[in-house]
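*Asks:* quick one: sequence and predicted model below, then my questions.
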Amino acid sequence: MEIERLTTLAEAVLFASGDPVETSRLALTLKISEKELIPIMEHLQERYTKTESALQVMRFSKSWQLGTRPEFAFVIREAMEKKRMQPLSNAAMETLTIIAYNQPVSKGFVERIRGIDSSSVVNSLVDKGLLEEAGRIDVPGHPIGYRTTPLFLRVFGISSLDELPDPNARQEDKFTGELDGYSEIETESEPIPPDTEPPEPIPESQEGTA
């Protein structure tokens, strides 16, 4: 049925976005009107309700989002708390410092400075979102280069690399090894953003555009 197809498409868009999707944008993507979108979203919520899914459809004034049901908040907080408790190791901090001040650089460059294999450390920092690949380095062998990410800036409380401490007189408190900023950013992905009004769970039949 057409409603099933449209419901699945809407779910895919919302899931991939992660953030609220404007009603007009979602309707345009599905090639339907904003009024026609409402029963589609209600049908998606019915799917979740029938299967006792942890997910729910959240309706804001002008947008829609997928989130988790309130009764699962405790387990989400527990998972996020465990992630927050994980500090950066000395090896990770050392590797981040080397790359931050010399980027883009290869793993080999890092290893020459540290004197030990650093592949696992670099890969871990990539997994955490603090480093990313930056193409090939123009040196023999053309190894993959690595650089810091926007998340790195947010974690360490700076707006650009120009604000990095003087390498000859670095401030230790800028790079503490605790992922306080990182955990705070992760929390932003929780179902209901703290700086928005609580959404209206579906179904709550309301007429008019969302």
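*Replies:* Yep, it's here. Because the structure is predicted, anything quoted here is derived from the model rather than measured. Numbers count the residues shown, from 1 in each chain.

*Asks:* hey, let's count contacts and neighbours off CA atoms from now on
*Replies:* Noted.

*Asks:* can you tell me the SS state at residue 154?
*Replies:* Counting by DSSP: H, G, I helix; E, B strand; the rest coil, the backbone at residue 154 sits in helix.

*Asks:* from residue 130, how far out is it?
*Replies:* 10 Å (CA to CA, to the nearest Å).

*Asks:* next one: residue 108
*Replies:* Separation of residue 108 from residue 130 (CA to CA) stands at 18 Å.

*Asks:* look at those two and report which has more neighbours.
*Replies:* Taking neighbours as other CA atoms under 10 Å, residue 108 and residue 130 compare with residue 130 leading, 20 against 17.

*Asks:* does the more buried one touch residue 148 like I think?
*Replies:* Yes - look at residue 130 against residue 148 with CA atoms under 8 Å: they come within range, at 5.8 Å.

*Asks:* map the structural domains onto the sequence of this structure.
*Replies:* Domain ranges of the chain: 2-72+194-201, 87-178, per automatic domain parsing.

*Asks:* got JSON lines for those, with mean pLDDT too?
*Replies:* JSON lines is the format used below for the domains of the chain (pLDDT from 0 to 100):
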{"stretch": "domain 2-72+194-201", "mean pLDDT": "87"}
{"stretch": "domain 87-178", "mean pLDDT": "83"}
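
*Asks:* would you list those domains in JSON lines and tack on distance to residue 78?
*Replies:* Converted to JSON lines, these look like this (distance: least, CA to CA, whole Å):
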{"stretch": "domain 2-72+194-201", "distance to residue 78": "10"}
{"stretch": "domain 87-178", "distance to residue 78": "17"}
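
*Asks:* now for those domains, which one comes closest to residue 79?
*Replies:* Using CA to CA as the measure, domain 2-72+194-201 is the one of these that comes nearest residue 79, at 11.1 Å.

*Asks:* burial count for the closest residue to residue 164 other than its chain neighbours?
*Replies:* With CA to CA, 6 or more residues apart in numbering as the criterion, residue 164 has its nearest non-adjacent residue at 7.4 Å, and that residue is residue 158. Look at residue 158: counted by other CA under 10 Å, it has 15 neighbours.

*Asks:* and if you look at residue 156?
*Replies:* By other CA under 10 Å, 19 other residues sit near residue 156.

*Asks:* go on, residue 24?
*Replies:* Using other CA under 10 Å, residue 24 is surrounded by 16 other residues.

*Asks:* with residue 153 instead?
*Replies:* Neighbour count for residue 153, taken as other CA under 10 Å: 17.
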